[in-house]
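K.L.:
dropping a prediction and its sequence here:
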Amino acid sequence: MARLNDHYLKLKAGYLFPEIGRRVKAFSDANPEAAKNIIRCGIGDVTEPLPAAAREAIKAAVDELGQRDTFRGYGPEQGYDFLRAAIAEGDYRSRGVEVADDEIFVSDGSKCDTGNILDIFGPGNKIAITDPVYPVYVDTNVMIGNTGDADASGAYAGIHYMPCTAENGFVPAIPEEKVDLIYLCYPNNPTGATASREALAAWVEYAGANGAIILYDAAYQAFVQDEGVPRSIYEIPGARGCAIEFRSFSKNGGFTGVRCAFTVVPKELLAETASGEKKPLHPLWARRQSTKFNSVSYPVQRGAEALYSEEGKAQIAALIDHYMGNAKLLRAACAELGLDVYGGENAPYVWVACPRGIDSWGMFDKMLTEANVVITPGAGFGAAGEGFFRISAFNSRENVEEVCRRLKAVV
Ligand SMILES: *Cc1c(COP(=O)(O)O)cnc(C)c1O
């Protein structure tokens with residue numbers, strides 16, 4: 001009989017969002033009237049329409065494909081040159097950060113890339129992951145066999161968990177032991193925290209000294225409001241030798257349903273072979289993508305390119321202003337209630353300490369049944385998330401104002 005991948009059986013069966021769905025459905029079935037008022041601030045998905053610049057570019061590209069003389073079939077596996085150049089110039093070189101066009105690998109999502117990147121790393125790497133965390137990093141390491149089983153708290157043997165707490169500002173301490181792959185995400189989902197230049201410099205120094213590689217998820221970089229907060233790991237000297245960066249058009253350009261993202265692999269980034277030889281990773285990722293991936297559709301790449309036009313940039317800025325305005329209202333409402341509130345200043349997530357005596361699922365149930373608002377319980381992102389809940393600022397202004405009123409009524 002064919003053999004399955006046993007590692008999949010170690011996965012704690014998709015715990016967080018299915019459990020939220022189950023509780024919302026049970027409440028809705030029992031309370032059909034209240035169910036009509038439910039406002040969802042749970043899943044981190046955008047709500048506002050696609051920017052006009054992207055829409056028009058996508059439509060024009062579809063029309064090109066409809067004419068014999070402008071038709072295109074398969075594109076380059078790493079993405080079209082026009083988009084790679086727009087990204088490298090628009091996101092990096094124009095901001096004084098050195099990245100070459102051919103270090104950009106266009107893809108259909110950062111979720112896929114942060115998982116797929118493990119294809120180019122060998123067995124035996126010691127993996128360091130923050131707690132709480134975006135679950136993809138953990139689950140993809142489980143799937144590929146980099147961990148043992150989960151314990152009762154859901155922590156997998158073999159992963160070095162790095163607690164992110166109010167005390168450390170939700171930026172983990174540098175490990176005392178040697179680790180090989182380090183997942184960092186700033187601005188952070190779920191805590192909304194940012195990492196300072198000094199904190200990232202300490203991580204780059206650690207990685208450089210230990211031959212470790214930082215997998216840096218910058219999906220929320222566009223939400224950074226403070227000029228001093230780094231948007232890219234490559235703003236830190238030395239990072240080109242120790243970091244891969246993941247970015248996405250999902251949250252800045254409202255592309256969660258359109259699908260386009262990219263990964264930056266600097267050419268000087270090296271890792272070791274089984275026999276201890278140092279080799280560049282860039283050709284491995286290029287080969288991985290050209291073998292297993294056929295890039296992103298031409299219209300979508302034209303849509304992403306249009307986000308770098310003057311109109312596109314202005315439309316992104318308006319979207320970010322909208323969501324950050326929501327975050328500000330949510331922060332203020334929580335603070336007024338005397339809750340300890342974090343994040344929401346450079347990220348679209350507000351991370352709130354539960355009122356005394358209530359754990360994070362308790363707070364979820366209270367908000368659902370008394371306020372008809374769906375939030376995300378912190379414990380769903382890892383053991384260190386217990387005692388917190390996440391409110392997403394991805395919503396209409398009207399809904400956010402209503403959520404603020406309801407919060408004040410129940411807390
Ligand atoms: C939303 C999000 C992404 C983007 O994922 P896509 O697959 O590009 O939509 C990446 N990382 C984190 C932490 C996210 O929350």
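P.N.:
Ah, there it is.

K.L.:
contact partners for D29?
P.N.:
By CB atoms under 8 Å, 6 or more residues apart in numbering, the residues touching D29 are A35. Bear in mind the C-beta positions are built from the backbone N, C-alpha and C, glycine included.

K.L.:
so D102 makes contact with A85?
P.N.:
No. Judged on CB atoms under 8 Å, D102 makes no contact with A85 at a distance of 9.7 Å.

K.L.:
from A333, how far out is the residue of the stretch 1-150 of the chain found nearest the ligand?
P.N.:
Closest contact between the stretch 1-150 of the chain and the ligand, by CB to the nearest ligand atom, is at G109 (2.8 Å). Distance, G109 to A333, by CB to CB, to the nearest Å: 32 Å.

K.L.:
what of S28?
P.N.:
Per CB to CB, S28 is found 25 Å from A333.

K.L.:
among the two, which residue is more densely surrounded?
P.N.:
The residue with more neighbours, out of S28 and A333, is A333; 23 against 16, by other CB atoms under 10 Å.

K.L.:
not counting its neighbours along the chain, what's nearest the more buried one?
P.N.:
C404 (3.8 Å; CB to CB, 6 or more residues apart in numbering).

K.L.:
quick check: which element contains the one you found?
P.N.:
Applying DSSP states H and E as the criterion places C404 in helix 397-410.

K.L.:
what about the helices in the protein?
P.N.:
Assigned by DSSP state H, the helices in the chain fall at 16-30, 32-35, 52-65, 81-87, 110-116, 135-143, 197-210, 282-292, 298-306, 310-336, 360-366, 397-410.

K.L.:
from those, which stretch is densest packed?
P.N.:
helix 298-306 (a mean of 23; mean count of other CB atoms under 10 Å).

K.L.:
now do the contacts for the one residue in the stretch 251-400 of the chain that gets nearest to the ligand.
P.N.:
Across the stretch 251-400 of the chain, the shortest distance to the ligand (CB to the nearest ligand atom) belongs to A261, at 4.0 Å. Counting by CB under 8 Å, 6+ apart, A261 touches V106, S107, D108, G109, S110, C112, D113, F246, R247, S248, F249, S250.

K.L.:
what about the third one, neighbour count?
P.N.:
For D108, the number of neighbouring residues by other CB under 10 Å comes to 19.

K.L.:
so what's the closest residue to it other than its chain neighbours up against?
P.N.:
Nearest in space to D108, with sequence neighbours left out and distances taken as CB to CB, 6+ apart, is R259 at 4.4 Å. Residues counted as contacts of R259 (CB under 8 Å, 6+ apart) are D108, G109, S250, V296, V300.

K.L.:
do that again at 7 Å, thanks
P.N.:
By CB atoms under 7 Å, 6 or more residues apart in numbering, the residues touching R259 are D108, G109, V296, V300.

K.L.:
over to V410?
P.N.:
Shown in contact with V410 (CB under 7 Å, 6+ apart): K366, E370, A371.

K.L.:
possible to save the helices of the chain as JSON lines with mean pLDDT?
P.N.:
Compiled in JSON lines, the helices of the chain are given as follows (pLDDT from 0 to 100):
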{"stretch": "helix 16-30", "mean pLDDT": "93"}
{"stretch": "helix 32-35", "mean pLDDT": "95"}
{"stretch": "helix 52-65", "mean pLDDT": "98"}
{"stretch": "helix 81-87", "mean pLDDT": "98"}
{"stretch": "helix 110-116", "mean pLDDT": "98"}
{"stretch": "helix 135-143", "mean pLDDT": "96"}
{"stretch": "helix 197-210", "mean pLDDT": "98"}
{"stretch": "helix 282-292", "mean pLDDT": "98"}
{"stretch": "helix 298-306", "mean pLDDT": "98"}
{"stretch": "helix 310-336", "mean pLDDT": "98"}
{"stretch": "helix 360-366", "mean pLDDT": "97"}
{"stretch": "helix 397-410", "mean pLDDT": "96"}
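
K.L.:
which bits of the stretch 201-350 of the chain sit near the ligand?
P.N.:
D217, A219, S248, S250, K251, T256, A261 (CB under 6 Å from any ligand atom).

K.L.:
let's see 5 Å
P.N.:
Proximity of the stretch 201-350 of the chain to the ligand, by CB under 5 Å from any ligand atom, involves residues D217, A219, S248, S250, A261.

K.L.:
export the residues you listed to JSON lines and append columns for pLDDT and distance to G385.
P.N.:
As requested, these are exported to JSON lines (pLDDT from 0 to 100; distance: CB to CB, whole Å):
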{"residue": "D217", "pLDDT": "98", "distance to G385": "17"}
{"residue": "A219", "pLDDT": "98", "distance to G385": "18"}
{"residue": "S248", "pLDDT": "98", "distance to G385": "22"}
{"residue": "S250", "pLDDT": "98", "distance to G385": "22"}
{"residue": "A261", "pLDDT": "98", "distance to G385": "25"}
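
K.L.:
ok, of those, which one's closest to E64?
P.N.:
A261 (22.9 Å; CB to CB).

K.L.:
need the residues that contact stretch 4-22.
P.N.:
Stretch 4-22 is contacted from outside by 42-43, 135, 139, 142-145, 149-150, 154, 374, 380, using CB under 7 Å, 6+ apart.

K.L.:
would you map the strands across the stretch 101-250 of the chain?
P.N.:
For the stretch 101-250 of the chain, applying DSSP state E, counting those that start in this stretch gives strands covering 104-107, 127-131, 159-163, 181-185, 213-217, 243-248.

K.L.:
turn these into TSV, columns for mean neighbour count and distance to A271.
P.N.:
As requested, those are exported to TSV (neighbours: other CB atoms under 10 Å; distance: least, CB to CB, whole Å):
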stretch	mean neighbour count	distance to A271
strand 104-107	24	17
strand 127-131	23	14
strand 159-163	19	18
strand 181-185	24	10
strand 213-217	25	7
strand 243-248	26	11
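
K.L.:
now these as TSV including distance to F71?
P.N.:
Shown next, in TSV, are the strands of the stretch 101-250 of the chain (distance: least, CB to CB, whole Å):
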stretch	distance to F71
strand 104-107	20
strand 127-131	45
strand 159-163	48
strand 181-185	40
strand 213-217	36
strand 243-248	29
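
K.L.:
which one, of those, ends up nearest to L329?
P.N.:
strand 181-185 (24.4 Å).
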